[in-house]
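Asker: Below are the sequence and a predicted model for it; my questions follow.
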Amino acid sequence: MSLEVSHLTVQVENKTLLDDVSFELKKGEIIGLMGPNGSGKSTLALTLMGHPRYQIISGEILIDKIAYNTRRIAMTITSSMRVNPF
């Protein structure tokens, strides 16, 4: 599964928390999200999981080149996870 975030801007209560964020994660890649407190790591994760407080103002989220709203993304990611106890 690939994930592409393109020009994503997110607000909570009319305050912009993410502004024009873009990245691509290709199938099989593993990334670490690092940054100082308040840089938007949790905001990005909560937006991708479809948290109702986080409003996408602009931008696009694609999974395998198909555009998704955040509710569909959370369901798609969850259903594609496999449990590996080792």
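Answerer: Great, that's in hand.

Asker: Can you give me the neighbour number for residue 51?
Answerer: 16 (other C-beta atoms under 10 Å). Quick note: C-beta positions are derived from backbone N, CA and C, even for glycine.

Asker: what does residue 15 give?
Answerer: 7.

Asker: Tell me how far it lies from residue 62.
Answerer: Between residue 15 and residue 62 the computed distance is 26 Å (C-beta to C-beta, to the nearest Å).

Asker: One more: residue 52?
Answerer: Per C-beta to C-beta, residue 52 is found 22 Å from residue 62.

Asker: can you check residue 28 too?
Answerer: 17 Å.

Asker: Then residue 45?
Answerer: Residue 45 is 17 Å from residue 62, by C-beta to C-beta.

Asker: likewise residue 51?
Answerer: When residue 51 is compared with residue 62 (using C-beta to C-beta), they lie 19 Å apart.

Asker: now the strands for the protein?
Answerer: 3-12, 15-25, 55-63, 66-67 (DSSP state E).
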